[in-house]
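*Asks:* need a structure here:
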Amino acid sequence: MFALTLLPSSVLAKQPSSPFATRAEAALILLQARMHDVPKMKNNGRYPDIKHGAWYENSMLTAIMFGIVTPHPGTHAAHPEEAVTRAEFLVMLQRTFGLKEMLPAPYRDVPQTAWYAPDAWIAQSLRLFPLDNDPDLLHPGDGLGRVELTLLMRAFFDLPSSSIPGNDQALSQLQSNYRLHLYQTISTKREEETRFPLPVLMMTFPERPIRHPTPSLSPTVVVPLGPDPKLTQLLRKDMIDLTNAKRKEAHVRLVAENPQLDAAAQQYADDMAVRGFFSHINPEGQTFVDRMKASNFSKPLPQGPCGCIVKYAFGENLSHGPILPEDAIDAWMSSASHRAALLDRTYTDVGVGIHGDYWVEHFGGLILSQ
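*Replies:* I've put the predicted structure just below:
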């Protein structure tokens with residue numbers, strides 16, 4: 001067994017908050033899917049934009065050696081830090097696994113004379129872009145998103161090797177060995193906020209200043225998604241389903257998706273990704289309780305007087321590094337504090353935010369005590 005590793009969180013933290021994969025990232029993913037170890041190599045100045053000591057030095061030089069990446073014939077530039085396009089990645093995929101090249105290209109936006117045309121069939125025949133609205137358009141010049149890249153690789157390795165023209169035996173062996181493992185950073189936080197004694201007629205938070213308050217969200221809030229709303233919503237659903245599967249295994253009541261918590265979580269995932277920080281407290285000093293309060297999260301109160309004290313329990317799990325929801329869930333379940341948060345019996349509601357490899361899961365629940 002071998003691990004297909006994307007990037008350590010220390011490397012990710014230095015990268016721009018672009019949702020698109022770079023040529024260097026694509027080369028590393030393909031090489032680690034194809035071989036057990038990427039050989040150590042030194043540039044020695046041959047390729048001017050492959051920096052000595054950079055995390056991608058070995059993978060880019062190896063990809064060039066095997067013809068997966070072709071530097072510019074005049075300048076020898078390899079452009080490791082530029083976004084990889086769909087067309088480029090399909091050619092890299094073909095060269096990595098020795099797939100056949102075939103014409104005519106099956107897409108309306110792919111000229112038959114294009115340099116990538118012989119490899120365009122790979123995407124349509126193997127259905128590597130299932131979320132595209134028009135199956136007859138490849139959009140070859142579009143950047144390949146990091147999440148899209150990971151889903152594509154998973155789809156590729158889930159295919160029967162007999163359906164992929166090329167070296168079937170070698171590919172079948174790779175498929176049996178394929179495993180995705182991501183370096184990541186995780187963090188968790190739980191707090192309770194006392195609201196007011198019962199009975200009451202209307203629910204309000206006690207007055208407490210927020211240093212930089214965010215606008216309140218209405219119950220019909222439209223959740224701001226990341227660069228690909230359709231994919232973000234799909235990943236959000238998967239994350240909630242996986243969370244409830246873990247809670248069911250632990251005989252804990254399931255949590256329901258809450259639009260206010262979704263909005264708060266998505267807003268914070270976007271904020272961390274765009275500004276490049278990872279913490280339960282943002283640069284202005286707002287805590288996750290401030291975010292929960294600004295979301296207007298609430299639950300119906302019991303009917304009639306009970307002399308209770310009402311508290312809301314809030315939880316926030318953060319993860320930086322995973323590309324798929326199951327990887328974030330697995331990391332949280334492997335940590336005692338995160339597992340406790342994910343399986344907390346107090347929580348009744350959940351919201352999820354995703355932006356690239358930033359994941360935010362917000363929990364909320366009502367506590368009644370005498």
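*Asks:* check which helix or strand covers residue 361.
*Replies:* In this structure, residue 361 sits in strand 358-369 according to DSSP states H and E.
*Asks:* Only C-alpha atoms, please: export that strand in PDB.
*Replies:* What follows is strand 358-369, C-alpha atoms only, in PDB (Å, rounded to 0.1, in the frame of the first residue of the first chain):
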ATOM      1  CA  TYR A 358     -10.600  24.700   4.600                       C
ATOM      2  CA  TRP A 359     -13.400  22.900   6.400                       C
ATOM      3  CA  VAL A 360     -15.700  24.400   9.100                       C
ATOM      4  CA  GLU A 361     -18.300  22.400  10.900                       C
ATOM      5  CA  HIS A 362     -20.600  24.400  13.300                       C
ATOM      6  CA  PHE A 363     -22.800  22.600  15.900                       C
ATOM      7  CA  GLY A 364     -25.600  24.000  17.900                       C
ATOM      8  CA  GLY A 365     -27.900  22.700  20.600                       C
ATOM      9  CA  LEU A 366     -30.400  23.700  23.300                       C
ATOM     10  CA  ILE A 367     -29.700  23.000  27.000                       C
ATOM     11  CA  LEU A 368     -32.400  23.300  29.600                       C
ATOM     12  CA  SER A 369     -31.400  23.100  33.300                       C
END
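*Asks:* average pLDDT across it?
*Replies:* Mean pLDDT, strand 358-369: 83.
*Asks:* residue boundaries of the helices in this protein?
*Replies:* For the chain, the helices defined by DSSP state H occupy 9-12, 23-34, 57-65, 86-97, 117-125, 146-158, 168-177, 229-249, 259-275, 288-294, 325-333, 336-342.
*Asks:* could I get those helices as CSV with mean neighbour count?
*Replies:* For glycine as for every other residue, the C-beta is placed from the backbone atoms N, C-alpha and C. Formatted as CSV, those follow (neighbours: other CB atoms under 10 Å):
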stretch, mean neighbour count
helix 9-12, 17
helix 23-34, 24
helix 57-65, 22
helix 86-97, 22
helix 117-125, 22
helix 146-158, 19
helix 168-177, 14
helix 229-249, 17
helix 259-275, 23
helix 288-294, 22
helix 325-333, 21
helix 336-342, 17
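*Asks:* Out of the ones you listed, which is closest to residue 314?
*Replies:* Proximity to residue 314, assessed across those by CB to CB, is greatest for helix 288-294 (4.6 Å).
*Asks:* Next, find the distance separating residue 140 from residue 322.
*Replies:* Relative to residue 322, residue 140 is positioned 28 Å away (criterion: CB to CB, to the nearest Å).
*Asks:* Comparing the two, which residue is more hemmed in?
*Replies:* A count of neighbours by other CB atoms under 10 Å puts residue 322 above the other of residue 140 and residue 322, at 27 against 21.
*Asks:* how much space between the more buried one and residue 242?
*Replies:* When distance is defined by CB to CB, residue 322 is 12 Å away from residue 242.
*Asks:* same question, residue 89
*Replies:* Noted for residue 89: a distance of 27 Å to residue 242, by CB to CB.
*Asks:* just residue 257 next, same as before
*Replies:* In this view, residue 257 and residue 242 are 13 Å apart by CB to CB.
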